[in-house]
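Participant: A predicted structure for the sequence below; I have some questions about it.
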Amino acid sequence: MAKLTRSQNDRMVAGVIGGIGEYFNIDANLLRIIWVIVTVFTGFLPGIIAYILLWLILPEE
């Protein structure tokens, strides 16, 4: 099974969403749209904190 890592190839900022997309075999752009929508509807801070934590926790590919 593949390991969940930050993507080197499919990245906009840090490769977090690209890595999640590769792990689950889902289009990263769709995940980015979902991430933005969820972040906006939760008041920005939870989505931003979650992204930063994933950036720090997930190893680079």
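Facilitator: Nice, thanks for sending it over.
Participant: Provide a list of residues in contact with the residue nearest the centre of the chain.
Facilitator: Among the residues of the chain, the one closest to the centroid is residue 17, at 2.3 Å (C-alpha atoms, centre = their mean). Counting by C-beta atoms under 8 Å, 6 or more residues apart in numbering, residue 17 makes contact with 28, 31, 32, 35. The C-beta positions use only the backbone N, C-alpha and C, and glycine is treated the same way.
Participant: Correct me if wrong: the third one contacts residue 11.
Facilitator: This points to residue 32. No. Contact criterion C-beta atoms under 8 Å: residue 32 and residue 11 do not qualify, at 10.7 Å.
Participant: Any regions of this protein where pLDDT drops low?
Facilitator: The model of the chain has pLDDT under 70 over residues 1.
Participant: So for stretch 6-26, what gets flagged as buried?
Facilitator: 6, 7, 10, 14, 15, 16, 17, 18, 19, 20, 21, 22 (16 or more other C-beta atoms under 10 Å).
Participant: phi, psi of the last one?
Facilitator: Read it as residue 22. Torsion angles at residue 22 (phi, psi; degrees, to the nearest 10) stand at phi -70, psi -40.
Participant: Excluding chain neighbours, what is closest to it?
Facilitator: If you skip the residues right next to it in sequence, residue 22 has residue 7 as its closest partner in space, 5.7 Å away by C-beta to C-beta, 6 or more residues apart in numbering.
Participant: close enough to count as contact, the one you found and residue 59?
Facilitator: No. Counting by C-beta under 8 Å, residue 7 stays clear of residue 59, with 11.5 Å between them.
Participant: now residue 13, what's its secondary structure?
Facilitator: Recorded secondary structure, residue 13: coil (DSSP: H, G, I helix; E, B strand; the rest coil).
Participant: Contact partners for residue 36?
Facilitator: By C-beta under 8 Å, 6+ apart, the contact set of residue 36 is residue 47.
Participant: what's the helix or strand for it?
Facilitator: Element membership for residue 36 (DSSP states H and E) is helix 28-41.
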